[in-house]
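Undergrad: One predicted model, sequence on top.
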Amino acid sequence: MLALAEVKETWDALPSGSDPWDDYCYEDEEEEEEDDTGDGPNEDPEDYELNELIDDEITLDWWTGPDGADGEPISLRVSDDEVCAATPNTGLTPYQSEYEGYMGNYGNTLDRWYRRAAIVVWPRERAFAARAEGGSRWALRDLRDRIDAGDLAGARDAAQSLAPFWSQLETKAGLLPAALDVAVGLDIAGTAAMLLEPFRVELLAQEHAAGLAAAAELYGEQWTRTVVDGWFGSKRDPYGSDLSEWADTTLPGLCGALRATGSPHVAQLLAAGAWGWLDSRLRLWTTTAHRDVRRRQLEILSSPLARLLEAADDTLYDEITGTLRECEDTVLECLMPALRLADARGAAGLDQIARGCAERLGRIAATPPRDQDDWSIEWTGCGCDLCDRLGTFLGSRTQRTLEWPLAKDGRRHVHSRIDAAELPVRHQTRRQGRPYTLVLTKTDTLFTSAAHARDKAAADLAWLTATRRTA
């Protein structure tokens, strides 16, 4: 087949005329100012002296069909031991080049990109797998054609030949309907699961409900659970994927469509997976000390939570509400926006959540004001001697100021602990004597923030009482 190749080379290089013994290759400050002409980096190969090739990579991004009539975009990395080049790249002109100057621990490199034509050959007995590795859409179409032609055994063998590389392919939502269709048509559980493995749950949409329901009915609940868990990335970092938009805009409709097709257990698996992701995020952000970050992140989760509660069945709903009851009061920063969003959408069924919020808000609003002479602050440090002394100062009802002779590393540690916990304590350094003196002063925010929290809780409680059944 005829293909188009994208070639990238990274060279150790220096601008022409520079001192090769100057490891830093610094220029005068006046010369380092950016050129505002808009011409970008110098792309003339003659302006650089190439030393040695550091790295290169080749990617095939398009090829013809076997008959030469059709072509398709692909993305296929080619290793060096698979390449035979009749003309070296140095004999060609790159269409783009970028120079990176010395940056301390990297740099003095020149990246060059070339476009080249390629002839791709492979053994005939590996024809299907070789082409499928570059064109997943073609592979699924070919498998469907074999199934429709009655060659089920051939389709199964061909599909199984994809196993060594299929999970590494880049998948897109447009491929999922064909993958589900072929998975059902193969009627062999292991190969079907392998075909669906590369997809991610955020690619699932309401239009995929019928295909997913058909696969689940054919292969059973345990098979479906394994596939869905893989889509959620249960073996990866639970914080690595952001499912906020998918849970907010897609999950309710998808679960409704699955229940309409007679597959409530699949809807339950998807909703439970979404709750597993959301629960991990809630546990992270409700325990984050930085108020602004915490509030922003919890508010982002409010709409996905409201939509998930709409999609959940009774069992999952009880699990979610039970977990929310165990969270710290900071969970209100997610629950109250969620209730307001649900009220704006006219969603019902969140009365239990509203009652839990009302109990918390009532307790906060009824908290007696702090005594005017009580300057104590509850705080737990890392357990070191510095944190122990800081904790003693913070816990004192009467001591407002602490003058603490402390070396630089100690001051830095105390600063970081105060700032990380956003304690109402001002820290200043008196630069006299040795060591310098760290001056800590408790601020009036200790009183005003508590009063603000009571006022906000009272306002939120009044809104809840007026709009929700909280009794």
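TA: Okay, I see it.

Undergrad: How is the chain partitioned into domains?
TA: Following the assignment in automatic domain parsing, the chain carries domains at 2-121, 125-199, 204-349, 385-444.

Undergrad: Just the CA atoms of stretch 422-429, as CSV, please.
TA: What follows is stretch 422-429, C-alpha atoms only, in CSV (Å, rounded to 0.1, in the frame of the first residue of the first chain):
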residue,chain,number,x,y,z
GLU,A,422,-5.5,29.1,55.9
LEU,A,423,-5.2,29.9,59.6
PRO,A,424,-6.3,33.4,60.8
VAL,A,425,-2.7,34.1,61.7
ARG,A,426,-0.4,36.8,60.3
HIS,A,427,3.2,35.9,60.1
GLN,A,428,6.1,38.4,59.8
THR,A,429,9.8,38.1,60.1
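
Undergrad: and the domains of the chain as a markdown table, adding mean pLDDT and mean neighbour count?
TA: For the C-beta atoms, the positions are set from N, CA and C on the backbone; glycine is no exception. Output for these, formatted as a markdown table (pLDDT from 0 to 100; neighbours: other CB atoms under 10 Å):
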| stretch | mean pLDDT | mean neighbour count |
| --- | --- | --- |
| domain 2-121 | 74 | 13 |
| domain 125-199 | 90 | 18 |
| domain 204-349 | 90 | 18 |
| domain 385-444 | 92 | 15 |
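
Undergrad: out of the ones you listed, which comes closest to residue 376?
TA: Comparing those by their distance to residue 376 (CB to CB), the top pick is domain 385-444, with 4.7 Å.

Undergrad: Could you tell me which strand of the protein is the longest one?
TA: strand 48-64 (DSSP state E).

Undergrad: What's the first helix or strand after that strand?
TA: Taking DSSP states H and E as the definition, the helix or strand that follows strand 48-64 towards the C-terminus is strand 71-78.

Undergrad: Parallel or antiparallel, which strands does that next one pair with?
TA: The pairing partners recorded for strand 71-78 under DSSP bridges are strand 48-64 (antiparallel).

Undergrad: Contacts for the strand it pairs with next, please.
TA: Outside of strand 48-64, the residues that reach it under the criterion CB atoms under 8 Å, 6 or more residues apart in numbering are 1-16, 18, 70-78, 80, 83, 99, 109-110, 118, 120, 134-135.

Undergrad: could you redo the last one with a cut-off of 6 Å?
TA: The set of residues external to strand 48-64 that reach it, using CB atoms under 6 Å, 6 or more residues apart in numbering, is 1-14, 16, 71, 73-74, 76-78, 110.

Undergrad: can you give me the offset of that strand from its chain's centre?
TA: From the chain centre to the centre of strand 48-64 is a distance of 30 Å (CA atoms, centre = their mean, to the nearest Å).

Undergrad: likewise stretch 320-334?
TA: Taking CA atoms, centre = their mean, the mean C-alpha location of stretch 320-334 is offset from the chain mean by 23 Å.

Undergrad: what do you get for stretch 207-216?
TA: Relative to the centre of its chain, stretch 207-216 is centred 26 Å away, using CA atoms, centre = their mean.

Undergrad: Which stretches in the stretch 51-200 of the chain count as strands?
TA: With DSSP state E, counting those that start in this stretch as the definition, the stretch 51-200 of the chain shows strands at residue ranges 71-78, 96-100, 109-119.

Undergrad: just to revisit the earlier point, specify the stretch among the domains of the chain that is closest to residue 360.
TA: For those, the distance to residue 360 is smallest for domain 204-349, at 5.5 Å, taking CB to CB.

Undergrad: start to end distance for that closest one?
TA: Taking CA to CA, to the nearest Å, domain 204-349 runs 26 Å from one end to the other.
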